[in-house]
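[1] fold the following, please.
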Amino acid sequence: MEYEAFVDERIDKAVASVHTELSRSYIKQLIEDGNVTVSGKTVRPGYKIRKGDKVEVIIPPPKTLETVAQDIPLSIVYEDDSVLVINKPAGMVVHPAAGNYEDTLVNALLHHCGDSLSAIGGVMRPGIVHRIDKDTTGLLIVAKGDKAHQSLSGQLKTRTLSRKYFALVHGNVKEDTGTVDAPLGRDTRDRKKMAVTKGGREAVTHFTVLERFGQYTLVKCKLQTGRTHQIRVHMRHIGHPIVGDKTYGVKKEPFALSGQLLHAGEIGFIHPETETEMTFSAPLPEVFERVLDNLRNKNTFGG
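    Numbers count the residues shown, from 1 in each chain. I've put the predicted structure just below:
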């Protein structure tokens, strides 16, 4: 049986290992809804599999999509019958959530793609393989069908889907290159935030210094893992929070910014259908370039 190798492991982690196309949050919801049973009985996500357990996973048919399609302009870097690569602007939320059901990337995608988006992510996240934060700009990939979604989700797990970010951080980063290997979990003092925590999920970020400005440093970060707010928390953890980050940054900024200077500038993956390697890049947004120009010219930035 497919679960015999997972004795003594948590049921949620075991299901995630078998069903690599499903997100952890979706699997947790399946378990909580009673769609995952062990020897005919419902269990909690933390249940540990025992020898002889018969695990059954029922994936219910997708609900009728309730998220509304909206005619919102998209910056499309690449598109074919399987995938879309989008350059997301600052201020756009990727998918609907409590209190924010309109004007998201998903609303725009529904208008652009109709019903061709994959349903694996659920009714609120059709086509969404991975996310970037509201005020982070740059590239993300969208799956048009379930087969593409399964392939791309698998690449995230095997780390053949590459993501590189550009960030302006506070302070002079002395090392030319470095790695932050620090587990992440929910901040015990503020559940809306993430923090480096003992017993958190593995999180690894590699960085390279591109340019130094004395009190600021431009770095390029490569994700080895993809945790929520990973780069933002990791750079703060080593004493170099991202400029403009209102959650993890410094209280007083000399720049008039609405969000952090973090840009998903490069993405690479293996095409789900053709199996060819594809790489895309997106230039830094105008406000990011303007801050850099002022730092290079040692001007005072305003507006």
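[2] so what pairs up with the closest residue in space to Leu30 that isn't next to it in sequence in the strands?
    Leaving aside its sequence neighbours, Leu30 sits nearest to Val36 (Cβ to Cβ, 6 or more residues apart in numbering; 5.4 Å). C-beta here means a position set from N, CA and C on the backbone, and glycine is covered the same way. Judged by DSSP bridges, the bridge partners of Val36 are Val57.
[3] give me every residue that touches Val36.
    11, 15, 27, 30, 42-43, 55-58 (Cβ atoms under 8 Å, 6 or more residues apart in numbering).
[4] now Thr247
    Applying Cβ under 8 Å, 6+ apart, the residues near Thr247 are 193, 229, 232.
[5] how about 10 Å then?
    133, 135, 190, 192-194, 229, 232-233, 236, 241, 259-260 (Cβ atoms under 10 Å, 6 or more residues apart in numbering).
[6] do Leu30 as well
    With Cβ under 10 Å, 6+ apart, Leu30 has these contacts: 12, 15, 19, 22, 36, 45, 57-60.
[7] now which of those would you call buried?
    12, 15, 19, 22, 36, 45, 57 (16 or more other Cβ atoms under 10 Å).
[8] okay, the residues you listed in JSON lines with pLDDT next?
    JSON lines is the format used below for those (pLDDT from 0 to 100):
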{"residue": "Asp12", "pLDDT": "92"}
{"residue": "Val15", "pLDDT": "89"}
{"residue": "His19", "pLDDT": "82"}
{"residue": "Leu22", "pLDDT": "78"}
{"residue": "Val36", "pLDDT": "92"}
{"residue": "Pro45", "pLDDT": "90"}
{"residue": "Val57", "pLDDT": "91"}
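[9] among the residues you listed, which ones are in strands?
    36, 57 (DSSP state E).
[10] tell me where the stretch 201-303 of the chain has strands.
    204-212, 216-223, 262-270, 277-281 (DSSP state E, counting those that start in this stretch).
[11] nearest residue to the most centrally placed residue in the chain other than its sequence neighbours?
    Closest to where the C-alpha atoms of the chain average out (Cα atoms, centre = their mean) is Arg131, at 3.4 Å. Counting by Cβ to Cβ, 6+ apart, Val94 is the residue found nearest to Arg131 once chain neighbours are left out, at 4.6 Å.
[12] now do the phi/psi pair for that neighbour.
    With angles defined as degrees, to the nearest 10, Val94 sits at phi -70, psi -50.
[13] what is the burial count for it?
    Residues lying near Val94 (other Cβ atoms under 10 Å) number 21.
[14] my guess is it contacts Arg125, does it?
    Yes - with contact defined as Cβ atoms under 10 Å, Val94 reaches Arg125; the gap is 8.1 Å.
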